[in-house]
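K.L.:
Need coordinates for the following:
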Amino acid sequence: MSNWFLTLGFICSVFLISCSSGTDKKDVTGEQKSFNDSISKLEQRKKADSLKKKNPLLILPPDSIYTGSYVDKYPNGITKFTGFFRFGQRHGQWASFYPNGVIWSELHYDKGLREGANRAYFETGKLRYDGFYKNDKRDSIWCYYDSLGVLAKKVVFKNDRVLKELPIK
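P.N.:
Have a look, this model is predicted:
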């Protein structure tokens, strides 16, 4: 029995010694860390530019941990999008606009997910549709309007699935 304890003690000692050796870790200098961060940001920008080419309306933060306001403008200087990023994700109220400056849509985000009221408008400023998101899924009665602003359709959504269409009165 004592041989068993000696063997176990020896194995534990070897294990602890091999785990506690901290000489294998490389100390990264501030200059090296800055260089690595620069490479990372360049790779992020390259990926973002590639995604933007595929979808020009895609909204991406300057980097993956960016927190702050976001404004994108059309070439004529009129605001295209406005909102806020928190740790690289959309957060709070966002709005998009047509090239003539008329609001296109209003939407609220919570940590990157659509949450709350969503409204979209025709270029004339008339309401196109409105409804609510819950946890990034349509979850309420959504109302759709024609270009004159007349209610055309009401649909009940739950977890982004159509439950039923309501009659227009």
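K.L.:
just checking, Asp160 touches Arg138?
P.N.:
Yes: under the criterion of Cβ atoms under 8 Å, Asp160 makes contact with Arg138 at 5.0 Å. In this view, the C-beta of every residue, glycine as well, is placed from N, C-alpha and C.
K.L.:
Settle it for me: which of the two has more neighbours?
P.N.:
Arg138 (20 against 12; other Cβ atoms under 10 Å).
K.L.:
And the more buried one, how far from Ile78?
P.N.:
To Ile78, Arg138 is 29 Å away according to Cβ to Cβ, to the nearest Å.
K.L.:
and if you look at Leu60?
P.N.:
Leu60 is 20 Å from Ile78, by Cβ to Cβ.
K.L.:
Comparing the two, which shows the higher neighbour count?
P.N.:
It is Leu60, of Leu60 and Ile78, that has more neighbours when counted by other Cβ under 10 Å, with 18 against 13.
K.L.:
Mind checking what secondary structure that one has?
P.N.:
Secondary structure, DSSP: H, G, I helix; E, B strand; the rest coil: Leu60 is coil.
K.L.:
can you give me phi and psi for it?
P.N.:
For Leu60, the backbone dihedrals (degrees, to the nearest 10) come out as phi -130, psi 150.
K.L.:
now swap in His91 and tell me
P.N.:
According to degrees, to the nearest 10, His91 has phi -150, psi 130.
K.L.:
How about the one 5 residues further on?
P.N.:
Backbone dihedrals for Ser96, given as degrees, to the nearest 10, come out at phi -130, psi 150.
K.L.:
wait, what's in contact with the closest residue to it other than its chain neighbours?
P.N.:
Leaving out its chain neighbours, the residue that sits closest to Ser96 by Cβ to Cβ, 6 or more residues apart in numbering is Trp104, at 4.4 Å. Counting by Cβ atoms under 8 Å, 6 or more residues apart in numbering, Trp104 touches Ala95, Ser96, Phe97, Tyr98, Ala120, Tyr121, Glu123.
K.L.:
Which members of those residues occur in strands, if any?
P.N.:
Ala95, Ser96, Phe97, Ala120, Tyr121 (DSSP state E).
K.L.:
Show me which pair in those residues is furthest apart.
P.N.:
The span of the ones in strands among the contacts of Trp104, defined through Cβ to Cβ, is set by Phe97 and Ala120 at 11.8 Å.
K.L.:
Helices along this protein, start to end?
P.N.:
Remark: helices assigned in the chain by DSSP state H are 2-20, 30-54.
K.L.:
Could you identify which of the ones you listed has the lowest mean pLDDT?
P.N.:
Mean pLDDT is lowest for helix 2-20 among those, at a mean of 49.
K.L.:
List the buried residues of stretch 151-165.
P.N.:
Neighbour-count burial for stretch 151-165 flags Lys154, Val155, Val156, Phe157 (criterion: 16 or more other Cβ atoms under 10 Å).
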